[in-house]
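**Q** return a 3D structure for these sequence lines:
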Amino acid sequence: MVGGELNAQLMSPSTSSSDVRGSLLLFSLLTGLLQAFWLVSMKFNLFINYYPVGFIAHVLVYLAEFALLYVYVKIITKGSLHQLGFKRESRWRSYVAIGFALATFHNIVTFIISATLIGLRYGYILPVYIHIPAYFVFAWVISILEEGIFRGCILGQLLRKYRSTTAVIISSIMFGLYHIYYVPLIFFRGPIEILFQVSYAFHSFTAGLFLGYFYHKTGENLLGPVAYHFSSIFFNVPFLWIEVAPVAQIAAHQLSSILNFVQILILRLIRREVFDSPELV
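**A** The predicted model follows:
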């Protein structure tokens, strides 16, 4: 299987088990930090008045998670972000273009169907001149962070121990678990809240399957998944859901989940010569 430089330096057979344990610890710390943010947000009603205090707090949490990722890669594993998969090598421009195109396809289909059939309402909450630069930076931070953790660290290391299909599925389950808001479930245990969280986790799981497959098929290059992740967030966030019933949001999650599987099929149909890695095994 084709792999990056991280394979030789960090993922030898004698150290792969300890590295996987380290990445699992990283996942636990990051998930705990995000849940702490949700607890503080509920305690101080940050989501009721999200701008500007809640938004700033949200950004600071992701910056703290990014710092943990940096410490893990540079100090604990003594690697580099390039070795993690942020590498401008071979066909990286094609990967970025594919990521952008698929995110555009996903957002257009989601917007049309959800606005016309599901009944979601869309609109700007912030003025555009504030919204665009703020979310441009925010989307990059989230994309680099989550792809670095879940594809670069976790999936990259799981691929050294397991078959590629198994590794992608495990990392995708973790990606889904990461996106569950456990704190609201503790305080609000109604069936709609539980169903919403399950729906969101499954949507994140399917996104993890697509992004993991994308990462594997591009020879463990993160630039394509990051381009997709950024484009998906940045071009979708301006259309925030306003006063929408949870059932409509759940339907939108599942629409997005279906599109994630469609995107995997699209990747499989693209000529093999475009990519640097074989199919999943």
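**Q** please enumerate the helices of the chain.
**A** Assigned helices in the chain, in chain order: 5-10, 16-43, 55-71, 81-84, 92-113, 128-146, 156-161, 164-178, 182-187, 191-217, 223-236, 246-269 (criterion: DSSP state H).
**Q** closest one to Tyr122 among the ones you listed?
**A** helix 92-113 (7.4 Å; C-beta to C-beta). Any C-beta I mention is one placed from the backbone N, CA and C, and that applies to glycine too.
**Q** contacts for that closest one, please.
**A** By C-beta atoms under 8 Å, 6 or more residues apart in numbering, the surrounding residues in contact with helix 92-113 are 122, 214, 218, 221, 223-232, 235-236, 239, 252, 255-256, 259-260, 263, 266-267, 270, 274.
**Q** now it - C-alpha only, PDB.
**A** Provided in PDB are the C-alpha atoms of helix 92-113 (Å, rounded to 0.1, in the frame of the first residue of the first chain):
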ATOM      1  CA  TRP A  92      -2.300  17.300  -5.500                       C
ATOM      2  CA  ARG A  93      -3.900  20.000  -7.700                       C
ATOM      3  CA  SER A  94      -6.300  17.300  -9.100                       C
ATOM      4  CA  TYR A  95      -7.200  16.300  -5.500                       C
ATOM      5  CA  VAL A  96      -8.000  19.800  -4.500                       C
ATOM      6  CA  ALA A  97     -10.100  20.300  -7.700                       C
ATOM      7  CA  ILE A  98     -12.000  17.100  -7.000                       C
ATOM      8  CA  GLY A  99     -12.600  18.100  -3.400                       C
ATOM      9  CA  PHE A 100     -13.900  21.500  -4.400                       C
ATOM     10  CA  ALA A 101     -16.100  20.100  -7.200                       C
ATOM     11  CA  LEU A 102     -17.700  17.400  -5.000                       C
ATOM     12  CA  ALA A 103     -18.400  19.900  -2.100                       C
ATOM     13  CA  THR A 104     -20.000  22.200  -4.600                       C
ATOM     14  CA  PHE A 105     -22.200  19.400  -6.000                       C
ATOM     15  CA  HIS A 106     -23.100  18.300  -2.400                       C
ATOM     16  CA  ASN A 107     -24.100  21.800  -1.300                       C
ATOM     17  CA  ILE A 108     -26.100  22.700  -4.400                       C
ATOM     18  CA  VAL A 109     -28.100  19.400  -4.200                       C
ATOM     19  CA  THR A 110     -28.600  19.800  -0.500                       C
ATOM     20  CA  PHE A 111     -29.700  23.400  -0.800                       C
ATOM     21  CA  ILE A 112     -32.200  22.800  -3.600                       C
ATOM     22  CA  ILE A 113     -33.800  19.700  -2.100                       C
END
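**Q** for the most centrally placed residue in the chain, give me its contacts.
**A** Most central in the chain under C-alpha atoms, centre = their mean is Glu146, positioned 5.0 Å from the mean C-alpha point. Contact analysis of Glu146 by C-beta under 8 Å, 6+ apart lists 175, 229.
**Q** distance of it relative to Leu69?
**A** Noted for Glu146: a distance of 9 Å to Leu69, by C-beta to C-beta, to the nearest Å.
**Q** then Tyr50?
**A** 25 Å.
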